[in-house]
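> One predicted model, sequence on top.
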Amino acid sequence: MKRTLLLLTLTGAAVLGGVAYANRYALEHMVMQRMHGMGMGHMGGMGMAHMFKGVDTTPAEETELRAMFDGHTQITRSVENLPKGIRTVTETSNPALREQMVSHVIGMIDRVDQGRDPKVTIQSLTLDILFKNRALIVTEMEPTETGIIVTQTSDDAETVAALQKHAAEVSDLAARGIVSAQEAMMARHH
Ligand code: HEM
């Protein structure tokens, strides 16, 4: 796959404390129910942690997700739909959050590249298409002062549609935080 990756220097991970989520309990309840359905029993007392877990997610990846949901109001985002894909600009004036966010973007795009679907509990189904069609995606990443520009294109119509849908989903996550993920999960299970 053709890929341009401008390496960014990331220093130390910021440890962010727990922040209460408005809809935390409703969402946890739903995740618990889903776990019951999977025969995993009730895993009380785990807080939000299990929502950011996947089949092989690292603690660093889970910390990044938590940081972005905790700090979503500090993230600005613009998405341009191109004829063959997307160009997104995602930024924050919070340097610690920026490190987590940029690390998430680089790490997750690398996962797509390698076909290593994390299968995080709350992840969008649109990612299934991006992982399936990963060989058809060309990605470029470019740092900005306060974030990152991602350009992703494809010659395949299904892939272009999925890239655009996913970019809109990320914008909604940035705008509304965990509530966005919660609504998407509820829509899936009803
Ligand atoms: C507030 C929450 C989140 C933010 C702000 C965020 C941000 C981003 C950004 C900026 C990108 C680059 C693509 C684009 O700009 O559209 C991206 C890609 C990605 N994110 Fe997230 N993300 C969030 C939550 C999640 C969650 C919960 C998952 C679950 C695993 C996830 C998995 C991915 C994957 C797999 C990609 C690569 C997709 C591709 O190659 O197009 N993200 N994310």
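Thanks, I have it. Numbers count the residues shown, from 1 in each chain.
> how about the residues of this protein that lie near the ligand?
65, 68-69, 72, 75, 88, 90, 104-105, 108-109, 111-112, 118, 120, 122-123, 127, 130, 150, 152, 163, 166-167, 170, 173-174 (Cβ under 6 Å from any ligand atom). To be clear about C-beta, it is placed using only N, CA and C from the backbone, and glycine gets the same treatment.
> Give me the subset of these lying in strands.
With strands taken from DSSP state E, the overlap with the residues of the chain next to the ligand comprises Ile75, Thr88, Thr90, Val150, Gln152.
> beta partners for the last one?
Applying DSSP bridges to Gln152 gives these bridge partners: Ile86, Thr139.
> correct me, but it touches Leu163?
Yes: between Gln152 and Leu163 there is a contact at 5.1 Å, judged by Cβ atoms under 8 Å.
> can you list residues touching both of those two?
Common neighbours of Gln152 and Leu163, using Cβ atoms under 8 Å, 6 or more residues apart in numbering, are Gly85, Ile86, Ile137.
> Let me have the residues you listed in JSON lines, extended by distance to Met51 and neighbour count.
Shown next, in JSON lines, are these (distance: Cβ to Cβ, whole Å; neighbours: other Cβ atoms under 10 Å):
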{"residue": "Gly85", "distance to Met51": "29", "neighbour count": "24"}
{"residue": "Ile86", "distance to Met51": "26", "neighbour count": "21"}
{"residue": "Ile137", "distance to Met51": "26", "neighbour count": "23"}
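> Closest to Glu183 out of the residues you listed?
Nearest to Glu183, judged by Cβ to Cβ, of those is Ile86 at 22.0 Å.
> show me the contacts for that closest one.
By Cβ under 8 Å, 6+ apart, Ile86 lies in contact with Val79, Glu80, Val150, Thr151, Gln152, Thr153, Leu163, Gln164, Ala167.
> wait, is the second one part of a helix?
So the one you mean is Glu80. No: assigned with DSSP: H, G, I helix; E, B strand; the rest coil, Glu80 falls outside any helix and is strand.
> And the pLDDT at it?
Per-residue pLDDT puts Glu80 at 98.
> Leaving out the residues flanking it, which one is nearest to it?
Arg87 (4.5 Å; Cβ to Cβ, 6 or more residues apart in numbering).
> Okay, now the unreliable bits of the protein?
Scanning the chain for pLDDT under 70 picks out the ranges 1-47, 190.
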